[in-house]
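J.: turn this into a model:
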Amino acid sequence: MKLSSKILPIFLISILISGCGRLYFVEPEELPTYTEPRYDNNEPIQLKVSKVEVISEFTPSFTRPNVEHLFPVSIEKTAKLWARDRLKAVDFSSPKVAQVIIKDASVTEEIEKSEQMFYKDRIKYRAKLVVAVKIIDTTNISQASTEVDAWRELAIPADTDIAEKEKYWNGMVKKLFDEFNTKMTSNIYKYLNVYVVNQPLTPTYY
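T.: Residues are numbered from 1 along each chain as shown. The predicted structure follows:
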């Protein structure tokens, strides 16, 4: 009987401790996940070529001021996905090949010190995307090409937390590629139109 009276208080204390742990334990907040923007809902541009090759000439440095490797979505990868979504080879007997060359897919950051009292320092980001589309005839080495240089800038308070930064970065990349998609689509129809099967019903030139 004495043993039971000793075990009971210990058992009750254990329950109380367990209950308190469940009461005050808070699940860590998970950061949202982001994926590269896609353009497969747009009608693909049908090219009179045997294949579409994607070539990346961009090499990230992984050192500041370059910070593209910190972004939740990759500009370089998105450019490759854009080529897959938007360009389609439809003449498999043709000696012509379309090349999508990624020349730049970088993001740089710069600290802007505030010169006014009570104003926060800012971080300024600049994203740059340079892509060329070339049509090469392998039989006579002739070629035609067009190139788009797109960029976006973003400035946020220097003390912005990582969750908010990733939200801003993701939006920045989406706007960058919306601009690029519009410009490159227009350029292809304008400068490479003789190699395009499905011409737009209305001109898209700017």
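J.: could you check the pLDDT of the residue nearest to E112 when sequence neighbours are not counted?
T.: Nearest residue to E112 in three dimensions, chain neighbours excluded: R122, at 4.4 Å (C-beta to C-beta, 6 or more residues apart in numbering). C-betas here are computed from N, CA, C, even on glycine. On the pLDDT scale, R122 is placed at 95.
J.: ditto for I55
T.: 98.
J.: could you pull up the mean pLDDT of the helix ranked longest in the chain?
T.: For the chain, the helix reaching the highest residue count under DSSP state H is reported as helix 162-191. Throughout helix 162-191, pLDDT has a mean value of 97.
J.: give the other helices and strands that it contacts.
T.: The helices and strands touching helix 162-191, judged by 3 or more C-beta pairs under 8 Å, 6 or more residues apart in numbering; DSSP states H and E, are strand 45-47, helix 75-86, strand 122-137, strand 143-157.
J.: next, the angle helix 75-86 makes with it.
T.: 40 degrees (axes from the mean of the first three to the mean of the last three C-alpha atoms, to 10 degrees).
J.: now do the buried residues in helix 162-191.
T.: 165-167, 169-170, 172-174, 176-177, 180-181, 183-189, 191 (16 or more other C-beta atoms under 10 Å).
J.: now the helices and strands packed on helix 162-191 as a markdown table including mean neighbour count?
T.: Compiled in a markdown table, the helices and strands packed on helix 162-191 are given as follows (neighbours: other C-beta atoms under 10 Å):
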| stretch | mean neighbour count |
| --- | --- |
| strand 45-47 | 21 |
| helix 75-86 | 20 |
| strand 122-137 | 20 |
| strand 143-157 | 15 |
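J.: can you lay out those as JSON lines showing distance to Y39?
T.: Below are these laid out as JSON lines (distance: least, C-beta to C-beta, whole Å):
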{"stretch": "strand 45-47", "distance to Y39": "11"}
{"stretch": "helix 75-86", "distance to Y39": "4"}
{"stretch": "strand 122-137", "distance to Y39": "13"}
{"stretch": "strand 143-157", "distance to Y39": "14"}
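J.: among these, which is nearest F58?
T.: helix 75-86 (5.7 Å; C-beta to C-beta).
J.: CA atoms only: put that closest one into CSV for me.
T.: Output in CSV follows, covering the C-alpha atoms of helix 75-86 (Å, rounded to 0.1, in the frame of the first residue of the first chain):
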residue,chain,number,x,y,z
ILE,A,75,16.8,31.9,-63.7
GLU,A,76,19.0,29.6,-65.7
LYS,A,77,16.7,26.6,-65.2
THR,A,78,13.6,28.7,-66.0
ALA,A,79,15.2,29.7,-69.3
LYS,A,80,15.7,26.1,-70.2
LEU,A,81,12.1,25.3,-69.3
TRP,A,82,11.0,28.3,-71.4
ALA,A,83,12.7,26.8,-74.4
ARG,A,84,11.0,23.5,-73.8
ASP,A,85,7.6,25.1,-73.4
ARG,A,86,7.7,27.7,-76.2
